[in-house]
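Asks: Here is my input; please provide its structure:
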Amino acid sequence: ALKTPLRLLALSDTHDFHDDMPHPLPQADILVHAGDFTCRGATDEIRHFMEWTDRLLETGTVADVVVVAGNHECTLELKA
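Replies: Modelled structure (predicted):
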């Protein structure tokens with residue numbers, strides 16, 4: 001039986017400008033955001049990013065989201 005290929009959408013370094021991308025995102029099975037989705041790691045920037053990913057999930061643009069924190073997401077660091 002033929003299997004449907006997995007569609008990955010890879011992004012990084014959107015720096016809180018994810019709503020202002022110059023082109024619409026293609027549909028994908030998994031969005032992987034590889035870090036630096038904020039400018040300073042502020043709570044409002046993180047909330048804004050989460051609202052954006054929620055919209056992508058709700059509209060069916062992506063089925064799942066994987067997020068890797070970058071160096072700008074310093075507020076997500078665990079303290080030892």
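Asks: For Leu25, see how far away the residue nearest the centre of the chain is.
Replies: Computing the C-alpha centroid of the chain and ranking residues by C-alpha atoms, centre = their mean puts His33 first, at 4.2 Å. Distance, His33 to Leu25, by C-beta to C-beta, to the nearest Å: 11 Å. Using the backbone N, CA and C atoms, a C-beta is placed for each residue, glycine as well.
Asks: Then Leu31?
Replies: Distance, Leu31 to Leu25, using C-beta to C-beta: 8 Å.
Asks: more neighbours, those two?
Replies: More crowded of Leu31 and Leu25, by other C-beta atoms under 10 Å: Leu31, with 21 against 14.
Asks: okay, Leu31: pLDDT?
Replies: Looking at Leu31, its pLDDT reads 98.
Asks: typo on my end, Ala80
Replies: With respect to pLDDT, Ala80 has a value of 67.
Asks: Helices along this structure, start to end?
Replies: 43-58 (DSSP state H).
Asks: just for it, where's the confidence low?
Replies: Scanning the chain for pLDDT under 70 picks out the ranges 80.
Asks: Strands of that one, start to end?
Replies: For the chain, the strands defined by DSSP state E cover 8-11, 28-33, 62-67.
Asks: Pick the most deeply packed of those strands.
Replies: Most buried of these by mean neighbour count (mean count of other C-beta atoms under 10 Å) is strand 28-33; its value is a mean of 17.
Asks: quick one: that one to helix 43-58, angle?
Replies: Angle, strand 28-33 to helix 43-58, by axes from the mean of the first three to the mean of the last three C-alpha atoms, to 10 degrees: 170 degrees.
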